[in-house]
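Trainee: Provided below are the primary sequence and the corresponding predicted coordinates.
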Amino acid sequence: MQAQAMRMYQITFTGRDEKGVLPMFTRVRATTGKGAVRAFIERYRPVSGWLLGDPEDITDKLNKEVKEAERVSQK
C-alpha cells in the first residue's frame, strides 16, 4: 500500500482560542481533510467558534503559484 502524500489545506474558522481571536483562514498540512481539521484543533486549541465548511485542498493552487513566480523571476 502506498503512503499518502502530505497536502496543504485551508481551514475556514470563526472563533477564538484562550489568547483571543484566531485568523479566519488558516493553512495546515495533512494527508486528508479530516486530518486537517484534527491538526487545526491540536495546533490552535480553539475554545469557541465554528468551522465554516469543509477544509479546502489548496496544494495544487500553491504549486501553480510557485511555478509561475519562478517563471516570472527567470525573465
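Mentor: Received, thanks.
Trainee: for the protein, which strand is longest?
Mentor: strand 7-17 (DSSP state E).
Trainee: Show me what the helix or strand just after that one pairs with in its sheet, parallel or antiparallel.
Mentor: Per DSSP states H and E, the first helix or strand lying C-terminal to strand 7-17 is strand 20-21. With DSSP bridges as the test, strand 20-21 is paired with strand 7-17 (antiparallel).
Trainee: Put the alpha carbons of the longest strand of the chain into PDB.
Mentor: Extracted as PDB, the C-alpha positions of strand 7-17 are listed here (Å, rounded to 0.1, in the frame of the first residue of the first chain):
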ATOM      1  CA  ARG A   7      -1.300  18.100   1.200                       C
ATOM      2  CA  MET A   8      -1.900  21.700   2.200                       C
ATOM      3  CA  TYR A   9      -5.400  22.500   3.400                       C
ATOM      4  CA  GLN A  10      -7.100  25.800   4.100                       C
ATOM      5  CA  ILE A  11      -9.400  25.800   7.200                       C
ATOM      6  CA  THR A  12     -12.000  28.500   7.500                       C
ATOM      7  CA  PHE A  13     -12.800  29.100  11.100                       C
ATOM      8  CA  THR A  14     -14.500  31.800  13.100                       C
ATOM      9  CA  GLY A  15     -13.900  31.900  16.800                       C
ATOM     10  CA  ARG A  16     -11.200  32.300  19.400                       C
ATOM     11  CA  ASP A  17      -8.600  30.500  21.400                       C
END
